[in-house]
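1. I need the structure of the sequence given here:
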Amino acid sequence: MAPTTSVPSGAPAPAYAEGGLADVLPSIAASIGVRGSGPRWVLPAARSAVVVLVDGLGYDLLRRRGGHAPWLRSLFGDGLRITSGFPSTTPVSMGSFGTGLVPGAHGMVGFEVLVPGEDRLLNELSWEDGPVPERWQPRDTWFEKASAAGVDVMRTGPGFFDGSGLTRAALRGGRFVAAKELDARVDATLAHARTPGATLTYLYWGDLDKVGHVHGCESWQWGDELETIDRALARLADGLPSDCSLTITADHGMVDVPMANRVDVAHDPELAAGVRHTGGEPRAPQLYCEAGAVDDVLATWRARVGDFAWVLSRDEAVGGGLFGAVHNEHLARIGDVVVAMRDAHAVVDSRHHRPELLALVGLHGSLTDDEVPVPMFHVAPKSI
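-> Numbers count the residues shown, from 1 in each chain. The predicted model follows:
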């Protein structure tokens, strides 16, 4: 079962205390000699470590589609099913992964969130016109901590990630090597892992998430992409030095949502009433309300979408642990009303959401078992 608890509304809050995505890097760092808070998992000692994050590779989804991934499937026996967090979306999960903190502590609490005092939303993925990333999320990342401890840290991904707002906020530290193709990123990772001394290498791959969004996570195209990833990861594992470990994880899963199961706030005056900004994302809307309208918005949304969504006030969502322990300075970033979709449903707002987002088949962000649990597969070094 996914590690969850339950808030009074019945929403299954992630059980952060039982271990999750925030514990991956601290545990890996400890295994290569970086001191810090006690690691969640005591991993075998290694000279160097490689960690791969495959965007969109939910644990339950991988289980269902595992016929396309024989090498990954071979790791299930010793693998862990861990929690990504809430909302189960890339910027939030990257914040947890990079800092080792729950969303409420690192403050990256949604796909689109209110910038307090500015009456506008920040897209934490694109970071367009966003605040200074290091001020928005000032806590040290584990890449920074490893670098400070003398570990040679290298990150590889698409070139536009280098210096992006999300990277600076959540994944800063060490040096960045741009590579477009997956095989090129594997080659860069192997070259770095083979250098003398302690190294930590991070490889990100995002095409599985892209394919899932466009074609659906149950599509043949998603299966084809998973096969490509599986072959590349097997090659990576085979080529690593004997004293280097390999860890594979993900940021969230995904759900295919039929167009018929989507409510558009733009064409529903009752749902739009009192809502100043529709933040979050279609599977996990966060509603920022007009002054004095919170109670009415909460009651209306519960009456209208409560049959297929958990609808919570901010106090209920925070008190119920959806974001983990929330620091006071981050409270205003969370919606006055927090909605998490059940089953294959979504809420969109075509006044605000780009047409490309409205057309996506696969979505994520909510609290279901298809979205929150992610894998942690650790391949220990052969020798040390």
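
2. what about R351, how many neighbours?
-> For R351, the neighbour count with other C-beta atoms under 10 Å is 11. For glycine as for every other residue, the C-beta is placed from the backbone atoms N, C-alpha and C.

3. Does it touch A266 like I think?
-> Yes: counting by C-beta atoms under 8 Å, R351 touches A266, with 4.4 Å between them.

4. where does this structure have low pLDDT?
-> Scanning the chain for pLDDT under 70 picks out the ranges 1-9.

5. Taking the centroid of it, which residue is nearest it?
-> S93 (2.7 Å; C-alpha atoms, centre = their mean).

6. wait, is that residue part of a strand?
-> No: assignment of S93 by DSSP: H, G, I helix; E, B strand; the rest coil gives helix, placing it outside any strand.

7. Would you mind measuring from it to P87?
-> 9 Å (C-beta to C-beta, to the nearest Å).

8. so what's in contact with these two at the same time?
-> By C-beta atoms under 8 Å, 6 or more residues apart in numbering, S93 and P87 have no common neighbours.

9. returning to that earlier point: so how far is R73 from the residue nearest to the centre of the chain?
-> 23 Å.

10. show me the residues around M254 that make contact.
-> M254 neighbours (C-beta under 8 Å, 6+ apart): G56, G58, L61, D209, G212, H213, C217, G362, L363, H364, D370, E371.

11. can you count the residues close to the nearest residue to the first one once chain neighbours are set aside?
-> What that stands for is G56. Using C-beta to C-beta, 6 or more residues apart in numbering and skipping residues adjacent in sequence, the residue nearest G56 is D209, 3.2 Å away. Taking other C-beta under 10 Å as the neighbour definition, D209 ends up with a count of 24.

12. any chance you could read off phi and psi for D209?
-> phi -60, psi -40 (degrees, to the nearest 10).

13. Go ahead and confirm it touches S93.
-> No: judged on C-beta under 8 Å, D209 makes no contact with S93 at a distance of 11.1 Å.

14. who touches both of these two?
-> By C-beta under 8 Å, 6+ apart, no residue touches both D209 and S93.

15. Contact partners for the closest residue in space to G100 that isn't next to it in sequence?
-> Spatial nearest neighbour of G100, excluding adjacent residues (C-beta to C-beta, 6+ apart): P26 at 4.6 Å. Listed by C-beta under 8 Å, 6+ apart, the contact partners of P26 are G36, S37, P39, R40, G100, W142.

16. Just the buried residues from those, in ChimeraX please.
-> One line in ChimeraX is enough to select the buried members of the contacts of P26, burial here meaning 16 or more other C-beta atoms under 10 Å:
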select :39,40,100,142
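
17. ok, S93 to V132 distance?
-> In terms of C-beta to C-beta, S93 sits 22 Å off from V132.
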